[in-house]
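[1] Dropping a prediction and its sequence here:
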Amino acid sequence: MKLNILSWNTNYIHDNWFKRIKNINKEIKRSQKKYHIIALQEAILPFSDAIHDIYNFLKQNPNISYFPSAEFFIEKNFIYEFIKNNFPKYKLLIIKIFEFCMNKILYLCCFFYSKYGEFFKSIYFKYPYICIGFIILCPIIFIVVWFFFGMLTILNKKIKGTIQTKYVGRMIQYTEFTFNQKKILFVNIHLLHPKAKERLLQIKNIHNFIKNKKKDIFILAGDFNSTPNSNVYKFLKKKNYKSVIKEFCGKEHNTFPAKNPDRCIDYIWIKGSDYKIIRAKTFGNYEATDHKGIKVTIDIS
């Protein structure tokens, strides 16, 4: 049986968000009937149920289930728990007001980064101290925005699984399911960007978390922020994971930036037996996001 997987970083801190989200919706709406699992990283996630207004492909689709998780879910959960514990009588009203205010701030962040996203990203990577100055002058735009970062994993109803969230030094989403009598573990991953040592520690923590699970096939998908020369890449190879793009195409394909990509940092990795990669390719362009996504078809024997 053929298992189809799509992984894509939809980075909303990037120019032209309001135009790009239309292209993102169009691509995923076209793909969601065919793909059993769609894993999105750096997806924009509102605090309320307004997620349908952003990702309109989710509306009235009985054939899928979806699971958004904020990358800073610990902080988000802390806020909700604080409200419930300290204002039990008015918790529903306060939460409703809080979510309304946060969604307005989200719109402000979207507008700001839609206009100036690439400029401030370049400042962040080239001149971090100047970026710190901007954060001090305008903390809401630069600090609160991190609360809206997250992952969105979409499962076709043919996959009898539920996405779970786990913090292992970095938030991951994972699901365990059976496909053609094979036990499979799928993990949606986004490794931290700036420090290579941190990314290596994160992937080791993820490996330690999943290694004791009794599965026939392990699949890791997402933005690893690590090139083929990195220690993260070498670690996964050492643990017998295979990059599906390299296995099928003979070499890795560059995924970043989407316009004239010059490095590979996005992957789908697989480990196990009784499978065959029958299709693997990158897709997308800068009119949707600054990452190319990956589409794969795996024949599970």
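    Thanks, I have it.
[2] check contacts around residue 219.
    If a contact means Cβ atoms under 8 Å, 6 or more residues apart in numbering, then residue 219 has 5, 184, 185, 186, 187, 268, 269, 270, 298 as its contacts. The way it works is simple: take the backbone N, C-alpha and C, and place the C-beta from them, glycine included.
[3] Now do it against residue 158, distance only.
    Distance, residue 219 to residue 158, by Cβ to Cβ, to the nearest Å: 16 Å.
[4] same check, this time on residue 117
    Distance from residue 117 to residue 158, by Cβ to Cβ: 36 Å.
[5] Could you do residue 140 as well?
    43 Å.
[6] so where's this protein uncertain?
    Low-confidence segments of the chain, defined by pLDDT under 70, span residues 73-75, 125, 137, 141.
[7] Going along the chain, name the strands of it.
    Assigned by DSSP state E, the chain shows strands spanning 2-9, 37-44, 64-70, 149-156, 164-167, 171-179, 182-190, 217-223, 242-243, 266-272, 275-283, 293-300.
[8] Out of the ones you listed, which gets nearest to residue 259?
    strand 275-283 (13.1 Å; Cβ to Cβ).
[9] quick one: the closest one to chain centroid distance?
    20 Å (Cα atoms, centre = their mean, to the nearest Å).
[10] for it, packing partners?
    Packing contacts for strand 275-283, counted by 3 or more Cβ pairs under 8 Å, 6 or more residues apart in numbering; DSSP states H and E, involve helix 244-249, strand 266-272, strand 293-300.
[11] Run through who's touching the shortest one.
    Surrounding helix 244-249, the residues in contact under the criterion Cβ under 8 Å, 6+ apart are 252-253, 264, 267-270, 277-282, 294, 296, 298.
[12] biggest separation within the residues you listed, which pair?
    Once Cβ to Cβ is applied, the contacts of helix 244-249 give 264 and 278 as the farthest pair, at 21.2 Å.
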